[in-house]
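**Student:** okay, predicted coordinates and the sequence, questions at the end:
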Amino acid sequence: MNLHDYDDWLAPLATALGAALVGIVAYAILRPIARRLSRHAPVAGAVNHQLDRPLRFLLPLIAVQVALEGVPDDLPHVDGVRQLVSVLLIAAFTGAAIAAVRGVADAVAVLHPQDVADNLEARRVLTQTRVLARIAIGIAIFAGLAFVLMTFPRARQFGTSLLASAGLSALVIGLAAKSVFGNLLAGLQIALSQPIRIDDVLIVQGEWGRVEEITSTYVVLKIWDERRLVIPLQWFIDNPFQNWTRTSSQIIGSVFFWVDYTTDLAPLRAEATRLAQGSKDHDGRVCLLQVVDTSERAMQLRLIVSSPSAGQNWDLRCLLREGLIALMQREHPDALPRIRAEMHEPAGGHGDRGELEARIAGRRTDGGPAQVNNDTGLTSLVAPTGGVVPPSEPPR
C-alpha cells in the first residue's frame, strides 16, 4: 500500500477537522445561551443539564457528517469512514435521546416533591414518570441498535431473512422471553393503573417495607430493618398484597391488652387520651379503648389510634403500650390478669380430724375407757393389740 494513494484525503480530512472545530465552537456558544433561556423553566433546565455531555459529541459529529457528504465517492475507504461516522452519529443521537428522557423525568420529580405532608399525588406522578422513562430509554436503545445494524449491508440482508420467517421467529422468541415480556407488560400496566407507587408502604409475604425503586422488570422493597426485597413486576399482577398508602398515608393502628375483670377502664382511657394528645405522631382523628374479647380468666382491650403515616403510627402504638403498662404497674397492679382458686372443706372433715387427734392422744372415740395392751404396755387405740393381731407364739 502506497501512502501517496491517500494524498487525496488531505483536503477532505482538513475539511472534516474544520467542521468538527466549528461544531465545538457552536457548542461553546450555544450552551450558555440555552442555560440562560431555560433558567426559569424547570423542564427545559433539567433537559439542558442532561444534554450537556451528549451535545459535546453530537454537534461536532453532525458537522463532520455534513463535511463528508461533499467528499468524492472514489476516494480510498471513503465508504468505511462514512459508515464509522454514521455509527458514531447514531450513538450520539441515542445518547441525546436518553439524556432528554432523563431530563424530563428529573424535572417531573422536581415539580412534584415527596417531602410534603400529603405526597400521594407526587408519588403517583413520580411512579408513572419513572416507569415510562425506563420504557422510553429501552425503546431508544433498541432503535439505536437497529439503526446501527442497518448501516451494514449484511445486517440488512439478515433482517430481511428474519422478516421472511417472522411467524416462527416471533413464536420462538415469545416462548423464550415469556417472563421478560411479561414483566415489561406488567410494568406498563403498573404505570397506568398504579396499584403501587414510589414510597408506598406494602406488606408482601409478611414483610413490611416501602417501595424504594420500580424498574422495568422488578420492584425493590426497602424493609424496615434496611434489607431489600426484590420482587418481579409480574408478581404484583398475579398475587394479592397489602398497600397501606393506596389512597392516603393516614392509618389506624391497634394495641391489645389482657386485663383482669376488676380493672377500672376509666383511668386507662384517660391515660391513653393524654399520651396520644401529647404525641406529635397522633393526628387527632381516633383514640378509642374498648373491650373486644373475654375469656374465663381475663378480658381483652383494644386501643386504636390514628396517625398521618404508618411509621408514625408504629411509634405512637409503642408509646401507648409502654405508657399504659407503666400506669397499671404503678397505680393499678391488680389490673394484670390473675388466676383465681377457691378452696372448699370436704364434708365431715372436722369430725375425722377430731377422731384422729383423739386416737393419737389415746382416747376412745366411742366414749369408753381406752384399753391397755398387756404385752406392750401401750394404750391401744381400738383393741388390746392396738389393732394389730399378735403372733400365735411369743417370740423367743
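**Tutor:** That came through, no problem.

**Student:** switch to C-alpha atoms for all contacts and neighbour counts from now on
**Tutor:** Will do.

**Student:** measure the residue nearest to S38 when sequence neighbours are not counted to S279 for me?
**Tutor:** What sits nearest to S38 in space, not counting adjacent residues and going by CA to CA, 6 or more residues apart in numbering, is G45, at 4.9 Å. G45 sits 42 Å away from S279, going by CA to CA, to the nearest Å.

**Student:** compare these two and say which is more crowded by neighbours.
**Tutor:** Comparing G45 with S279 by other CA atoms under 10 Å, the one with more neighbours is G45, at 21 against 15.

**Student:** against G23, how distant is the more buried one?
**Tutor:** 22 Å.

**Student:** again, but for L30
**Tutor:** 10 Å.

**Student:** neighbour count for those two, which is higher?
**Tutor:** A count of neighbours by other CA under 10 Å puts G23 above the other of L30 and G23, at 22 against 12.

**Student:** now do the contacts for that one.
**Tutor:** 59-63 (CA atoms under 8 Å, 6 or more residues apart in numbering).

**Student:** let's see 6 Å
**Tutor:** For G23, the contacting residues are 59-60, 63, by CA atoms under 6 Å, 6 or more residues apart in numbering.

**Student:** tabulate these (a markdown table), appending neighbour count.
**Tutor:** What follows is the contacts of G23, written out as a markdown table (neighbours: other CA atoms under 10 Å):
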| residue | neighbour count |
| --- | --- |
| L59 | 23 |
| P60 | 24 |
| A63 | 20 |
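
**Student:** so can I have CSV of the residues you listed showing pLDDT and distance to R317?
**Tutor:** Formatted as CSV, those follow (pLDDT from 0 to 100; distance: CA to CA, whole Å):
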residue, pLDDT, distance to R317
L59, 82, 60
P60, 83, 63
A63, 82, 67
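
**Student:** nearest to A14, of those residues?
**Tutor:** A63 (12.6 Å; CA to CA).

**Student:** name the SS class of that closest one, please.
**Tutor:** helix (DSSP: H, G, I helix; E, B strand; the rest coil).

**Student:** now do V211
**Tutor:** Assignment for V211 (three-state DSSP): strand.

**Student:** just the helices in this protein please.
**Tutor:** Counting by DSSP state H, the chain has helices at residues 10-37, 42-68, 78-111, 120-150, 153-164, 166-176, 178-193, 233-238, 265-277, 310-331, 349-361.

**Student:** so for the third one, what gets flagged as buried?
**Tutor:** Using 16 or more other CA atoms under 10 Å as the burial criterion, the residues of helix 78-111 that qualify are 82, 85-109.

**Student:** domains of the chain?
**Tutor:** As assigned by automatic domain parsing, the chain contains the domains 3-111, 251-335.

**Student:** for the ones you listed, give me JSON lines that also has distance to L233.
**Tutor:** Output for the domains of the chain, formatted as JSON lines (distance: least, CA to CA, whole Å):
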{"stretch": "domain 3-111", "distance to L233": "21"}
{"stretch": "domain 251-335", "distance to L233": "24"}
